[in-house]
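*Asks:* Here is my input; please provide its structure:
(4 chains)
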Number of protein chains: 2
Amino acid sequence: MDSNQLVTILKALADPTRLKIVGLLSHRNCCICELVPIFGISQPAVSKHMSRLKSAGLVVETRRGQWVFYALNHERLEQVRFALGNLPDYSAEFERLAEQGLLVTCE
Amino acid sequence: MDSNQLVTILKALADPTRLKIVGLLSHRNCCICELVPIFGISQPAVSKHMSRLKSAGLVVETRRGQWVFYALNHERLEQVRFALGNLPDYSAEFERLAEQGLLVTCE
DNA sequence: TAGTACTATAACTATATGGTTATTTAAATA
DNA sequence: TATTTAAATAACCATATAGTTATAGTACTA
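*Replies:* Coordinates of the predicted model:
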């Protein structure tokens, strides 16, 4: 997973409604019409949140008759946890700074 | 850590510049004037990013002469990883839905 | 003490975001 | 087939965000 993907996923998680949706889905799959009364926001608002989570790869959808059920992609969440524990190595940036004499070294 | 705090931290991480700053700080403490040439954005822009990371508890600052050095708060990042792996239990929400007859059960 | 270097704050701008209502699409049912 | 229900899309609005330039504050240094 590259940094841009990670940012996309973090943005998807960085909203109180969507974070709670992820928590709800970790307990049970849900459809939009169940989430609407939980959050007290409009159906299109929930729909857009799901679309955001889906494009971040955090949920997958399954049509079930007239309902669309959303399930948490646990693996994706694990990938985020792993990425946050294994940030990219940016030592080349410091080498470049050093070459330009821009590294600050006190004491 | 409550959900609001987690959202605040995730928002702080959910930006390409700040995420890279966190990655840089995981390698070496930095001051603003080192980050400016790395990102090619203005000094106030970097300053505001650091302020955002600081208020999320992700970095701590130490004044060192005329410089202010920022260090990553590794513990805070670990707290985020833990929280994402241990989301709150929202089963009460489903019980409430069931009471209202709003749980969708197919098959 | 005057000047210089680093950082923070203020004021502003353009874009992203999270909500709304209205409408359309899709599927089940009378 | 007409109606109803669920979900998605469109158009819009208010606020948040990430950048800018200008200025103020803070700490070394000549």
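*Asks:* Low-confidence regions, chain A specifically.
*Replies:* Counting by pLDDT under 70, chain A contains low-confidence ranges at A:106-107.
*Asks:* So which bits of it are right by DNA strand D?
*Replies:* Contact residues, chain A versus DNA strand D (C-beta under 7 Å from any atom of the strand): A:31-33, A:43-44, A:47-48, A:50-51, A:61, A:66-68. (Each C-beta comes from the backbone N, C-alpha and C, glycine too.)
*Asks:* Just the ones in helices from the residues you listed, please.
*Replies:* Mapping the residues of chain A next to DNA strand D onto helices (DSSP state H) picks out A:I32, A:C33, A:Q43, A:P44, A:S47, A:K48, A:M50, A:S51.
*Asks:* restrict those to contacts with DNA strand C.
*Replies:* With C-beta under 7 Å from any atom of the strand as the criterion, the members of those in contact with DNA strand C are A:P44, A:K48.
*Asks:* Of the ones in helices among the residues of chain A next to DNA strand D, which is the nearest to B:N86?
*Replies:* Nearest to B:N86 among those, counting by C-beta to C-beta, is A:M50 at 23.0 Å.
*Asks:* so who does the closest one touch?
*Replies:* By C-beta atoms under 8 Å, 6 or more residues apart in numbering or on different chains, the contact list for A:M50 reads A:I21, A:I32, A:L35, A:V59, A:E61, A:Y70.
*Asks:* Looks to me like the last one is in a strand.
*Replies:* Read it as A:Y70. Yes - counting by DSSP: H, G, I helix; E, B strand; the rest coil, A:Y70 is part of a strand.
*Asks:* what's the spacing between it and B:A12?
*Replies:* As for A:Y70, its distance to B:A12 is 27 Å (criterion: C-beta to C-beta, to the nearest Å).
*Asks:* Neighbour-wise, which one of the ones in helices among the residues of chain A next to DNA strand D leads?
*Replies:* Counting neighbours by other C-beta atoms under 10 Å in any protein chain shown, A:M50 leads those with 21 neighbours.
*Asks:* Which parts of chain A are strands?
*Replies:* With DSSP state E as the criterion, chain A has strands at A:30-31, A:59-64, A:67-72.
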